[in-house]
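Colleague: next one to model:
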Amino acid sequence: MRAALTRYRVIAWVVGVVLILLAVIGMPLKYAFHNPIVVETVGQAHGFLYMVYLVATFDLSRRADWPLKRMILVMLAGTVPFLSFWAERRVSALVTAEQRERKQTPEPIAN
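Modeller: Now for the predicted structure:
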């Protein structure tokens, strides 16, 4: 599960940065200065990277055995600027705490 968490953390940061570039630089250039080149290129990159983010989130949620509601909320975090950074920190803390708890709980011995 550690690898799935690392993949999620990396793609959450990448999606967050690209979305901020799109919202802070691309949109003003498109609507204020009538130059859509940043939105056209970065927008497509964000769309592709968001799909990767969805796959990474799904993978992590299946491995961590999350309820459907949590998985959907984390997936939606990639659509709001700056929210993916907050969600990444919360998810990392949650998964790390669950991993520590599982290590401390001994597994029953089968007879």
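Colleague: checking residue 34 next. Helix, strand or coil?
Modeller: coil (DSSP: H, G, I helix; E, B strand; the rest coil).
Colleague: now it, what are its backbone angles?
Modeller: phi 60, psi 40 (degrees, to the nearest 10).
Colleague: quick check: it vs residue 64, distance?
Modeller: 46 Å (CB to CB, to the nearest Å). All C-beta atoms are positioned from the backbone trio N, CA, C, and that covers glycine.
Colleague: enumerate the positions of the helix or strand hosting residue 8 that are buried.
Modeller: Assessed by DSSP states H and E, residue 8 sits inside helix 2-21. Within helix 2-21, the residues that count as buried by 16 or more other CB atoms under 10 Å are 4-5, 7-9, 11-12, 14-16, 18-19, 21.
Colleague: save these as CSV, and put in pLDDT and distance to residue 54 too.
Modeller: Shown next, in CSV, are those (pLDDT from 0 to 100; distance: CB to CB, whole Å):
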residue, pLDDT, distance to residue 54
4, 94, 14
5, 94, 16
7, 96, 12
8, 96, 11
9, 95, 15
11, 96, 9
12, 95, 11
14, 95, 13
15, 95, 10
16, 94, 14
18, 95, 14
19, 94, 14
21, 94, 20
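Colleague: next secondary structure after the longest helix anywhere in the chain?
Modeller: The longest helix of the chain (DSSP state H) is helix 37-64. Beyond helix 37-64 on the C-terminal side, the first helix or strand identified by DSSP H and E is helix 68-76.
Colleague: just the angle for that following helix relative to helix 2-21, thanks.
Modeller: 50 degrees (axes from the mean of the first three to the mean of the last three CA atoms, to 10 degrees).
Colleague: quick check: buried residues in helix 68-76?
Modeller: Buried-residue list, helix 68-76, by 16+ other CB under 10 Å: 71, 74, 75.
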